[in-house]
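K.L.:
return a 3D structure for these sequence lines:
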Amino acid sequence: MVISQRPAKVNRTVASQCNNLIAMRLTNGDDQAVVRRLLPDSLGGFGDLLPVLDTGEALVVGDAILLPTRIRIAKPMNEPLSGTIQFWDRWADPAAAATLDKAVESWRRQTLVK
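P.N.:
Reported below is the predicted structural model:
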C-alpha cells in the first residue's frame, strides 16, 4: 500500500505496481496528472472529478471494485484535531482579536534585522 498527499512525488515504478487506486480531492495539476496516468484510457474522464471531490469523497478504481466509483468515506469515530478552523466564527470572535497584538509582537521578535 502506498499513501501520499502528493502523488507527483511517488516513484512512477512504485505507483504503476498498484492495482487499486483511492484518490481524494487533488487540486495540484501535477498530482492530478499522475493519477490520470494511472487510470485506464477508458476512464480518463474520471480524472476531471479530482479537483471537485468534496471532503470525505474519493474516486475508487481497480481490481478490488467492479466499477469505478465515487464514494463517501465515513467520518472516524474519534476525529483528529487537525480540522480546518471555522474562519468566519474566529474572525468575529472578540477574544481572538484581543490576542492579535501578542501574535504580531511575537512575530516581530522572530524577524532578523541585518
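
K.L.:
A58: helix or strand, and which one exactly?
P.N.:
Assessed by DSSP states H and E, A58 sits inside strand 57-62.

K.L.:
now do that strand: everything it contacts.
P.N.:
Strand 57-62 is contacted from outside by 18-25, 39-40, 43, 46, 49-50, 53, 68-73, using Cβ atoms under 8 Å, 6 or more residues apart in numbering. Every residue, glycine included, has its C-beta placed from N, CA and C.

K.L.:
can you pull out the strands in the chain?
P.N.:
Assigned by DSSP state E, the chain shows strands spanning 20-23, 57-62, 69-72.

K.L.:
out of those, which is closest to W91?
P.N.:
Comparison of those against W91 by Cβ to Cβ identifies strand 57-62 as nearest, at 27.4 Å.

K.L.:
the closest one: how far from the chain's middle?
P.N.:
On the basis of Cα atoms, centre = their mean, to the nearest Å, strand 57-62 sits 14 Å off its chain's mean C-alpha point.

K.L.:
strands paired with that strand, and their directions?
P.N.:
Counting by DSSP bridges, the strands paired with strand 57-62 are strand 20-23 (antiparallel), strand 69-72 (antiparallel).

K.L.:
which parts of the first one are buried?
P.N.:
Pointing back at strand 20-23 there. 21-23 (16 or more other Cβ atoms under 10 Å).

K.L.:
using CSV, lay out those together with pLDDT and distance to D101.
P.N.:
Formatted as CSV, the buried residues of strand 20-23 follow (pLDDT from 0 to 100; distance: Cβ to Cβ, whole Å):
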residue, pLDDT, distance to D101
L21, 89, 48
I22, 91, 45
A23, 91, 43
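
K.L.:
return stretch 52-70 as PDB; C-alpha atoms alone will do.
P.N.:
The C-alpha coordinates for stretch 52-70 follow below in PDB (Å, rounded to 0.1, in the frame of the first residue of the first chain):
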ATOM      1  CA  VAL A  52     -14.200  18.800  -7.300                       C
ATOM      2  CA  LEU A  53     -14.400  16.000  -4.900                       C
ATOM      3  CA  ASP A  54     -15.900  17.000  -1.500                       C
ATOM      4  CA  THR A  55     -14.300  16.500   1.800                       C
ATOM      5  CA  GLY A  56     -14.600  12.800   2.600                       C
ATOM      6  CA  GLU A  57     -15.300  11.800  -1.000                       C
ATOM      7  CA  ALA A  58     -12.900   9.600  -3.100                       C
ATOM      8  CA  LEU A  59     -12.600   8.000  -6.500                       C
ATOM      9  CA  VAL A  60     -12.000   4.300  -6.300                       C
ATOM     10  CA  VAL A  61     -10.700   2.400  -9.300                       C
ATOM     11  CA  GLY A  62      -9.100  -1.000  -9.600                       C
ATOM     12  CA  ASP A  63      -9.300  -4.800  -9.200                       C
ATOM     13  CA  ALA A  64     -11.000  -4.500  -5.800                       C
ATOM     14  CA  ILE A  65     -14.100  -2.900  -7.200                       C
ATOM     15  CA  LEU A  66     -16.400  -3.900 -10.100                       C
ATOM     16  CA  LEU A  67     -16.900  -0.400 -11.500                       C
ATOM     17  CA  PRO A  68     -15.000   2.800 -10.900                       C
ATOM     18  CA  THR A  69     -17.000   4.600  -8.200                       C
ATOM     19  CA  ARG A  70     -17.200   7.900  -6.400                       C
END
